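[1] Could you look at this predicted model? Sequence included:
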Amino acid sequence: MASVYKTVSKKNSRPVAEEFSDDEDVDMNEFLDGADDTSDSDEEEEVSEETKKQLPTGSMPKTRVLMLTSRGVTFRHRHLLNDLTALLPHTHKESKLDTKKKTAGYNLLLNSLADLHSCNVIFFLEARKHGEDTYLWLSRPPNGPTIKFHLTNLHTTGELGTGFAGNCLKGGRGLVVFDRSFDENGPAGTEYRGLIREMLRGVFCVPKRGVRGMKPFVDRIIGIFGVDGKIWIRVYEIRESEPGSKKKSEGEEEDKTAKPAAKGKGKDRGPEVSLVEIGPRFVLTPIVILEGSFGGPVIYENKEYVSPNQVRREIRMKKADNRMMLAFLPPELLLQVFASCVSVLDVLNLAATSRHLRRVFQAASNRIPILMNVAEVEFGPVQDIIQLVTHNDSQPVHILREPPISDALLRQVVEFGRVAQRWEEMYPFKKWKVDFENRRSLGQLERFRLRRAVYRLWLYHRAFHVEAYDRFSRDRRHVVVDRARLLHNWTTGELAEIEDLRKIIHEVIENNICPSNGTIRRKFRKRFPETSHQPLNIHLNYPLTTPSLTNGLFAPSTEQHFFTAHPPPGPENDSFKRCFRFHTPISNDPGTDVWPGWGDDIPHYYLVQDMMKLDPSQVLWLRSHAPLKDQVEAYVRTLGDWFRDNGETFGDTLRFVLEQRGENADEVHLMIDDRVLGIVQDDNWDSD
C-alpha cells in the first residue's frame, strides 16, 4: 500500500514524519483543512533534532509503555491489549498481574515491573466483577501522576459486523489528533484535560527512532475526542486512491462521512486521501487523578462519574420498588389479587413471589377460602367433589354432606378435579368422531357440565358398582329405590348430561379398551387395504413378560390414587380361569379367524356392559396404561368375582326415574344425539 510518507517524499515536499513531531499536538480540524505548522513547532523540531544528535546510538527511546492486565479479564480485554501492542511498536507487553500476592497495592508491583523493563509509562487494565467492570490506570513511574479511567464501549479490531477492515502496515507510526476540548484555552472546568492529553500522548505517540520493528511510514491516525465528559478514542487508516478513481479493492468499505485529508487544484493535485476506521475503539471516563504513581494526594476527582455498582444498585432498587408496592398494599387488596387467579398453581406461584404475599396467603383464615374459590373456578362444582370424596357406608348416598374444609380435603378435590380435566380433553374427539370437520373446543359452561357429570357418575359407581351389589341383588326393590333416590336429586337435564358422558365412556371401552373381533378386522383392513392376510391380533394377545401386577402395571405412581384402590391380586380362581370373556383360551392360536379376542355380537355386548361398571378414573387408567388384553384381564381379576356377569345398572335406573317423572327415556336419548340436551347443546352454545 502506498503510504503518505512515500507519496509526499517523491514530490520533494516536507516529510510528514518531520512535519508532525512526537511531542506536537495536531488538531483534527486543522489537519483536515490542510493548515501549516506554526513557528513554535519548527523551533521544537530543531531542538529535538539537536537533542537526538547528542543521544548515543542504541539508546532507549523517549517513551516505552508497559502494558499488562490484572487477573479476571475477559477475552475482549486480551484482544484489546493485543491490538494496542500491534498498533504501538514502542510497547512492552507483560503477563497478568498476580494481585493475590500484593502487599502494598499496585504501587510496589507495577513500579518495580516498570523499572525492570525500562518503561516510563504504565498502561494497566484492572478487571472487577469477573470482567464486568474494567478500569484503565495510566501512570508515569516512579513519581506520577496517575489517572484512573472507566473503560466502556470496547470494540476490538477482530470483531465482525463493526465495519473494521484495515490494511495498515505493522510497525508504522500514527498521527495522534486531539480535538479542541484538550486545548489550554478550552471550556471552563476542563483544565484537567491538559494533563490527560500529555498522558495519552505518551501512550499513543510513537518515537521517531530507537524502536525495534518500527517502519518509517505514517499510515494511520489516532483520534482522541472529548464529548459529554468522556474521551472517545478511534483509530483510522489513511487510504489513498488515484484522482477520479471510483474503484474499490475487494473487502474494503469507505467511510461515507470521512472527508478527504488533502486536495490540490487543477492538474497537479495529488492522490485522494480518505480515512477508514479500523479499530480498536473504546471510551474512557475520567474518575480520579493522583499526584504519585498509583498513590498520593488527589489532584482531580470527577464529581459527575457514577460507578457501575451504583447503576446496578439503582436498577435493582427499581425492580425492588415494584415488588415493594405489593408489600405496602393492605391484605384486603391482596386477597382480591389472589381471588382473581384462575388455577391453584397460579395461587401457589403468586404466594411464592414475596414474603408479604406468603404471610397473607399462609394465614389460617385466608388460605383455605382462597384455594376453595380458585378450585371452584378450575375444578368446580366443588360441592359434587365433596359428596364424592366423603362418601361412605355410614349414611345413604343421596344425603348431602357438608364436612369442614381441611387441607386433606382440598388435596383430594384437586386430585379428582384433574381427572375431570382429562375428560375435558378427550370429550371433543369422541363427541365429534363422525362429523370431525365441525369439531370444536368446549365452552366454559360446557366444561362445567362435563366436570359435574364426571363427579356424579363417579359417585354412582362408588355407591352401587361395588362388591355389596352383586348380580343377584341388582333387581331387588329396595336396591332399585336406593339407586333412584340418588338420581332424583338431579334434574332431567343434569341426568341427560350424565347419560351423554356415559355414551362417550361406552365408546372408549368398546373401541379402545375392549374392541371386538370385527373392530380389529375393520381397522386392519382400513390400514392395509391391499393385503389378503388376516389380522394377527398382536395388540390383544401379546403375552405379559411379568405376570405379577405389582411389577410394571401397578407400580406405585402418582396417578394410582385416582384409578384403583384395590389390593394386589390373591391366588387365582380356577372358575374364573375358565371364564370365556376374561381369559385367553390356550387351545386357540393367534391370527386365526376363530380367535375370539374380546368376542363379537352378544358376547362382546355383555362384556362391554360389565366393563361399564368401571368409574371414569379406572377407564382413563386402562386406556393409558393397559394396551394389551392380558393387562386388562389381570386388572379385572383384581376386582373380584362379583364383577363377572354383572352389568352396569345406571341405564336401568335412569329409565326407571324418567318413567316415574312421566318422561320417555328414548326421546331423551334422541335429544342427546341431536345435541338438544346433554353436555353440548348447539342452541345454547357459548364460545366463552
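    Looks like it arrived, so ask away.
[2] got any ranges where this protein has weak pLDDT?
    1-61, 99-106, 160-166, 184-190, 210, 243-270, 320-327, 532-597, 684-688 (pLDDT under 70).
[3] Going by neighbour count, which residues in the helix ranked longest in it are buried?
    Across the chain, the longest stretch assigned as helix under DSSP state H is helix 407-431. Buried residues in helix 407-431, defined by neighbour count with 16 or more other CB atoms under 10 Å: 409-410, 412-417, 419-420, 422-424, 426-428, 430-431. Just so you know, the C-beta spots here come from the backbone N, C-alpha and C atoms, and that holds for glycine as well.
[4] what's the nearest residue to Val382 if we skip its chain neighbours?
    Glu376 (5.0 Å; CB to CB, 6 or more residues apart in numbering).
[5] before we move on, back to that, please pull up the helix or strand immediately following the longest helix of the chain.
    The C-terminal neighbour of helix 407-431 among helices and strands, as given by DSSP states H and E, is helix 444-464.
[6] Now do that following helix and helix 407-431, the angle between them.
    110 degrees (axes from the mean of the first three to the mean of the last three CA atoms, to 10 degrees).
[7] In PDB, please show the C-alpha coordinates belonging to helix 444-464.
    Taking Å, rounded to 0.1, in the frame of the first residue of the first chain, the C-alpha atoms of helix 444-464 are listed here in PDB:
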ATOM      1  CA  GLN A 444     -66.700 -22.600  29.800                       C
ATOM      2  CA  LEU A 445     -70.300 -23.700  30.600                       C
ATOM      3  CA  GLU A 446     -69.800 -26.900  28.700                       C
ATOM      4  CA  ARG A 447     -66.700 -27.800  30.600                       C
ATOM      5  CA  PHE A 448     -68.600 -27.100  33.900                       C
ATOM      6  CA  ARG A 449     -71.300 -29.500  32.800                       C
ATOM      7  CA  LEU A 450     -68.800 -32.200  31.800                       C
ATOM      8  CA  ARG A 451     -67.000 -32.000  35.200                       C
ATOM      9  CA  ARG A 452     -70.300 -32.100  37.000                       C
ATOM     10  CA  ALA A 453     -71.300 -35.200  35.100                       C
ATOM     11  CA  VAL A 454     -68.000 -36.900  35.800                       C
ATOM     12  CA  TYR A 455     -68.300 -36.300  39.600                       C
ATOM     13  CA  ARG A 456     -71.900 -37.500  39.800                       C
ATOM     14  CA  LEU A 457     -71.400 -40.600  37.600                       C
ATOM     15  CA  TRP A 458     -68.300 -41.400  39.700                       C
ATOM     16  CA  LEU A 459     -70.300 -41.100  42.900                       C
ATOM     17  CA  TYR A 460     -72.900 -43.500  41.500                       C
ATOM     18  CA  HIS A 461     -70.100 -46.000  40.700                       C
ATOM     19  CA  ARG A 462     -68.600 -45.800  44.200                       C
ATOM     20  CA  ALA A 463     -72.000 -46.300  45.800                       C
ATOM     21  CA  PHE A 464     -73.600 -49.100  43.700                       C
END
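[8] ok now it, how far from the chain's centre?
    Taking CA atoms, centre = their mean, to the nearest Å, one finds helix 444-464 lying 39 Å from the centre of the chain it belongs to.
[9] Who are the packing partners of it?
    Helix 444-464 sits against helix 382-389, helix 407-431, helix 477-488, helix 492-508, helix 616-625, with contacts defined as 3 or more CB pairs under 8 Å, 6 or more residues apart in numbering; DSSP states H and E.
[10] Give me the residues contacting the third one.
    Helix 477-488 is contacted from outside by 396-398, 459-460, 463-464, 469, 473, 495, 649, 653-654, 656-657, 660, using CB atoms under 8 Å, 6 or more residues apart in numbering.
[11] burial count for the closest residue to Cys341 other than its chain neighbours?
    What sits nearest to Cys341 in space, not counting adjacent residues and going by CB to CB, 6+ apart, is Val347, at 4.8 Å. For Val347, the neighbour count with other CB atoms under 10 Å is 23.
[12] quick one, whichever strand or helix holds Val347 and helix 407-431 angle?
    Assessed by DSSP H and E, Val347 sits inside helix 344-351. Counting by the same axes, to 10 degrees, helix 344-351 lies at 130 degrees to helix 407-431.
[13] just the helices in the stretch 51-200 of the chain please.
    75-87, 106-116, 193-204 (DSSP state H, counting those that start in this stretch).
[14] Can you list the helices and strands that the first one packs against?
    This means helix 75-87. Against helix 75-87 (3+ CB pairs under 8 Å, 6+ apart) you get strand 65-69, strand 91-93, strand 121-128, strand 146-155.
[15] again, only this time at 10 Å
    strand 65-69, strand 91-93, strand 121-128, strand 133-139, strand 146-155, helix 193-204, strand 230-241, strand 281-290 (3 or more CB pairs under 10 Å, 6 or more residues apart in numbering; DSSP states H and E).
[16] Just the CA atoms of that helix, as CSV, please.
    Extracted in CSV, the C-alpha atoms of helix 75-87 (Å, rounded to 0.1, in the frame of the first residue of the first chain):
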residue,chain,number,x,y,z
PHE,A,75,-11.2,-12.3,26.1
ARG,A,76,-12.2,-8.9,24.9
HIS,A,77,-9.6,-7.3,27.2
ARG,A,78,-6.9,-9.6,26.0
HIS,A,79,-7.7,-8.8,22.4
LEU,A,80,-7.7,-5.1,23.1
LEU,A,81,-4.2,-5.4,24.6
ASN,A,82,-3.0,-7.4,21.5
ASP,A,83,-4.4,-4.8,19.2
LEU,A,84,-2.7,-1.9,21.0
THR,A,85,0.6,-3.8,21.1
ALA,A,86,0.4,-4.3,17.3
LEU,A,87,-0.7,-0.7,16.8
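[17] ok, and for it, which residues are buried?
    Across helix 75-87, burial judged by 16+ other CB under 10 Å covers 76-77, 79-84, 87.
[18] Also the second one?
    Within helix 106-116, the residues that qualify as buried by neighbour count (16+ other CB under 10 Å) are 106-107, 109-111, 113-114.
[19] cool, and stretch 498-509?
    498-502, 504-506, 508-509.
[20] Stretch 120-140 now?
    Neighbour counts over stretch 120-140 (16+ other CB under 10 Å) mark 120-127, 133-140 as buried.
[21] In contact with the residue nearest to Val382: list those residues for me.
    382-383, 385, 413, 417 (CB atoms under 10 Å, 6 or more residues apart in numbering).
[22] Wait, a helix at it?
    Yes: judged by DSSP: H, G, I helix; E, B strand; the rest coil, Glu376 forms part of a helix.
[23] quick revisit: quick one, which of the helices of the stretch 51-200 of the chain is nearest to Leu151?
    Among the helices of the stretch 51-200 of the chain, the nearest to Leu151 by CB to CB is helix 75-87 (8.6 Å).
[24] what's the span of stretch 339-347 from first residue to last?
    Stretch 339-347 has an end-to-end distance of 8 Å (CA to CA, to the nearest Å).
[25] residues in contact with that stretch?
    By CB under 10 Å, 6+ apart, stretch 339-347 touches 337-338, 348-351, 361, 367, 369-371, 373-375, 377-379, 410, 413-414, 417-418.
[26] List buried residues within the residues you listed.
    Counted by 16+ other CB under 10 Å, the contacts of stretch 339-347 give 338, 350-351, 361, 367, 370-371, 373-375, 377-379, 410, 413-414, 417 as buried.
[27] Arg655: what's its closest spatial neighbour, skipping adjacent residues?
    The shortest distance from Arg655 to any non-neighbouring residue, by CB to CB, 6+ apart, is to Ala665 (4.4 Å).
[28] ok, now His604?
    Nearest non-adjacent residue to His604, counting by CB to CB, 6+ apart: Ser516, 4.3 Å away.
[29] could you list every residue that touches the one you found?
    Applying CB under 10 Å, 6+ apart to Ser516 gives the contacts 510, 522, 596-601, 603-605, 607-608.
[30] and Asp407, what does it touch?
    Asp407 neighbours (CB under 10 Å, 6+ apart): 367-368, 371.
[31] And the buried residues of stretch 120-140, which is closest to Leu154?
    Thr134 (7.4 Å).
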